[in-house]
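>>> Mind folding the following:
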Amino acid sequence: MTWGILAAVIGAVTLVAALLWYLVIKTEGIYLGRRAVIWLYDVYAGRYDDIKQYDPITEDYFLARPIMQRLTHVRAPLVLDVATGTGRLPLALLEQPDFQGRIVALDLSRKMLAGAAPKLAPYGNRASLLHLPAERLPFPNGTFDLVTCLEALEFMMDPRAVLRELVRVLRPGGLLVLTNRQGLDAKLMPGRTFTHDTLKDLLKDLGLTRVEIDLWQVDYRIAWAEKPGTLPPAGPLALEEIWCCPSCGAIEMIPVGGGWRCLSCEARVPVGDDGVIEAERFSKN
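Residues are numbered from 1 along each chain as shown. All right, here's what the predicted structure looks like:
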């Protein structure tokens with residue numbers, strides 16, 4: 001093999017390695033499709049918290065407290081956390097002495113939810129974990145007092161569709177909390193991220209008001225927005241009071257041994273040994 005051929009081979013291998021690094025590591029599989037993203041998060045789930053270096057003091061100061069300060073008028077909010085991962089936001093809120101609400105948290109990485117389950121188990125039915133995508137949320141319009149989606153929007157297959165759903169299930173008068181990627185990483189994800197001004201315009205176009213985008217982390221800013229209106233807070237409703245059946249759409253889901261059953265159509269949704277509700281899997285008798 002001549003030096004020219006060897007150099008060409010090395011160059012080709014280097015190019016392929018760089019491309020794989022970009023597609024798999026840097027952009028976390030987003031350009032490879034939904035399955036690739038889910039697979040990667042499943043792979044990293046066991047050490048995700050260590051990678052992110054979450055700590056209770058930081059989460060309290062930069063996440064839970066700012067949210068609680070904006071929800072002082074809601075004694076016991078009903079919360080939806082989309083792309084909850086290992087339960088970062090639910091845990092931060094539930095550890096607040098003044099938080100008396102309930103949380104529904106969902107994610108498409110089953111192993112990430114498996115990591116969240118033991119952390120949230122001590123809070124019983126105040127936190128429900130669903131294995132479910134974000135593009136079609138199984139809840140009525142205007143259900144939740146607070147809807148959140150942190151460090152995840154850029155990894156959704158259709159971020160605009162997700163935003164529409166988040167706004168749809170937020171009650172009039174409710175609070176939406178998002179994060180928006182920034183910096184070099186955002187520039188390396190063309191078509192997957194929004195400029196801060198673009199996100200602000202999108203939220204306003206969806207009818208939200210008091211839209212603010214504040215400093216938060218190195219890679220993210222945090223966005224706040226309210227849905228206009230004055231409906232009373234939803235309060236800490238139980239899951240069976242808000243969950244639409246994945247088969248017929250009726251709010252008739254009840255917990256039964258080993259899962260949930262729809263009283264209207266008899267569809268059944270299993271629950272894992274760790275308590276995660278397998279909302280993507282259901283059968284009809």
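>>> Quick one: mean pLDDT for the longest helix seen in the chain?
Longest helix in the chain by number of residues (criterion: DSSP state H): helix 3-20. Across helix 3-20, the average pLDDT comes to 80.
>>> Likewise for stretch 99-109?
96.
>>> Pretty sure residue 164 sits against residue 206.
Yes: proximity of residue 164 to residue 206 meets the contact threshold set by Cβ atoms under 8 Å, at 6.6 Å. All C-beta spots, glycine's among them, are computed from the backbone N, C-alpha and C.
>>> ok, the two, which is more surrounded?
Neighbour totals were compared for residue 164 and residue 206, and residue 206 leads with 18 against 13 (other Cβ atoms under 10 Å).
>>> Tell me how far the residue nearest to that one when sequence neighbours are not counted lies from residue 214.
Closest residue to residue 206 apart from its sequence neighbours, by Cβ to Cβ, 6 or more residues apart in numbering: residue 167 at 4.7 Å. Distance of residue 167 to residue 214, given as Cβ to Cβ, to the nearest Å: 20 Å.
>>> More neighbours: which of the two?
Neighbour count, other Cβ under 10 Å: between residue 167 and residue 214, residue 167 has more, with 20 against 10.
>>> Helix, strand or coil: sort out the more buried one for me.
helix (DSSP: H, G, I helix; E, B strand; the rest coil).
>>> Also residue 46?
helix.
>>> follow-up on the earlier one: contacting residues for the residue nearest to residue 206?
147, 176, 203, 206-208, 227 (Cβ atoms under 8 Å, 6 or more residues apart in numbering).
>>> in the longest strand seen in the chain, what's buried?
Counting by DSSP state E, the longest strand found in the chain is strand 170-181. Within strand 170-181, the residues scored as buried using 16 or more other Cβ atoms under 10 Å are 170-171, 173-181.
>>> now stretch 30-45
Applying 16+ other Cβ under 10 Å to stretch 30-45 flags 30, 36-41, 44-45 as buried.
>>> Now intersect the residues you listed with the strands, please.
Among the buried residues of stretch 30-45, no member falls in strands (DSSP E).
>>> Quickly list the domain ranges of this protein.
Domain assignment of the chain by automatic domain parsing yields the ranges 3-50, 54-226, 244-284.
>>> so how far is the shortest one off the chain centroid?
By that I understand domain 244-284. Centroid displacement of domain 244-284 relative to its chain, using Cα atoms, centre = their mean, to the nearest Å, is 21 Å.
>>> Can you name the residues that contact the closest residue to residue 146 other than its chain neighbours?
Distances taken as Cβ to Cβ, 6+ apart put residue 79 closest to residue 146, at 4.6 Å, once the chain neighbours are dropped. Shown in contact with residue 79 (Cβ under 8 Å, 6+ apart): 90, 93, 101-104, 144-148.
>>> In the sheet, which residues pair with residue 79? Tell me.
Following DSSP bridges, residue 79 is listed with bridge partners residue 103, residue 146.
>>> Repeat that for residue 259.
residue 256, residue 270.
>>> Tell me which residues touch it, please.
268-271, 277-278.
>>> now those residues: which count as buried?
By 16+ other Cβ under 10 Å, the contacts of residue 259 give 268-269, 271, 277-278 as buried.
>>> follow-up on the earlier one: how about the domains of the chain in TSV, adding distance to residue 233?
Formatted as TSV, the domains of the chain follow (distance: least, Cβ to Cβ, whole Å):
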stretch	distance to residue 233
domain 3-50	31
domain 54-226	5
domain 244-284	19
